[in-house]
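Undergrad: A predicted structure for the sequence below; I have some questions about it.
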Amino acid sequence: MVCMFVKRLVVLNRSFVRSARICKNSFGDKFESSSGFSSRLVWYQNKKGLCTMSSSNEFCVIYVTVPDENAAARVTESVVDSKLVACVNAIPGIKSTYLWKGQVTTDQEILLMMKTRTELFDRLQETIKTQHPYETPEIISVPITNGIQSYLDWIRDSTLSST
């Protein structure tokens, strides 16, 4: 179990607790107030603003590698235009070394980092596969467990509503 101490905490009923300890365990995020009261954690406030720390994993980052700028543009335009993602960062100059069909291969690639809602992953994956030149594209989802609330709201507002 990993714990951290915060000065202000907003819980399910959005009431503030003066101080609390946030503990992450395999069952999700929990908090304990100085009075001993425990509940599922929904929000906490740090020095930089109000952040979420929800075990629901509503949001995720998708990593996709592509071989060149043309593939990056094709995939990016497709997923942003269809509102399957709110944003795509294209990070050039990635050197990938991997085993493919029994051979160690090294290639220069572009890493696409996409921010979206987890519930859109299946549709996003299918869209990427139709635009991607690789036989087996890298499409990996990582949950966003913390983030500034206004940014997470923007992701929600910029992507398709419930599927």
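TA: Perfect, thanks for sending it.

Undergrad: the helices in the chain, which residues?
TA: 69-81, 121-131, 149-158 (DSSP state H).

Undergrad: just checking, residue 143 touches residue 59?
TA: Yes - using CB atoms under 8 Å, residue 143 makes contact with residue 59 at a distance of 7.4 Å. From N, CA and C alone the C-beta is placed, and that goes for glycine too.

Undergrad: overlap of the contact sets of these two?
TA: residue 118 (CB atoms under 8 Å, 6 or more residues apart in numbering).

Undergrad: these two - which one has more neighbours?
TA: The neighbour comparison of residue 143 against residue 59 (other CB atoms under 10 Å) goes to residue 59, with 22 against 13.

Undergrad: how about the strands in this protein?
TA: 2-6, 8-11, 16-17, 20-25, 28-33, 38-46, 49-52, 59-66, 87-100, 103-117, 139-143, 147-148 (DSSP state E).

Undergrad: who does the last one pair up with?
TA: To tie it back to what came earlier, the one meant is strand 147-148. In the sheet containing strand 147-148, the strands it pairs with under DSSP bridges are strand 49-52 (antiparallel).

Undergrad: now the strand it pairs with: average pLDDT?
TA: In this model, strand 49-52 has an average pLDDT of 50.

Undergrad: same question, stretch 67-85
TA: Stretch 67-85 shows an average pLDDT of 98 in the prediction.

Undergrad: using CSV, list the CA coordinates for that stretch.
TA: Taking C-alpha atoms only, stretch 67-85 is exported to CSV below (Å, rounded to 0.1, in the frame of the first residue of the first chain):
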residue,chain,number,x,y,z
PRO,A,67,6.8,4.4,-39.2
ASP,A,68,6.7,8.0,-40.6
GLU,A,69,5.0,11.4,-40.8
ASN,A,70,2.4,10.3,-43.4
ALA,A,71,1.2,7.4,-41.2
ALA,A,72,1.2,9.7,-38.2
ALA,A,73,-0.9,12.3,-40.0
ARG,A,74,-3.3,9.7,-41.3
VAL,A,75,-3.9,8.1,-37.9
THR,A,76,-4.1,11.4,-36.1
GLU,A,77,-6.6,13.0,-38.4
SER,A,78,-8.8,10.0,-38.4
VAL,A,79,-9.0,9.6,-34.6
VAL,A,80,-9.3,13.4,-33.8
ASP,A,81,-11.9,14.0,-36.6
SER,A,82,-14.0,11.1,-35.3
LYS,A,83,-13.8,12.5,-31.7
LEU,A,84,-12.3,9.2,-30.5
VAL,A,85,-9.5,11.2,-28.8
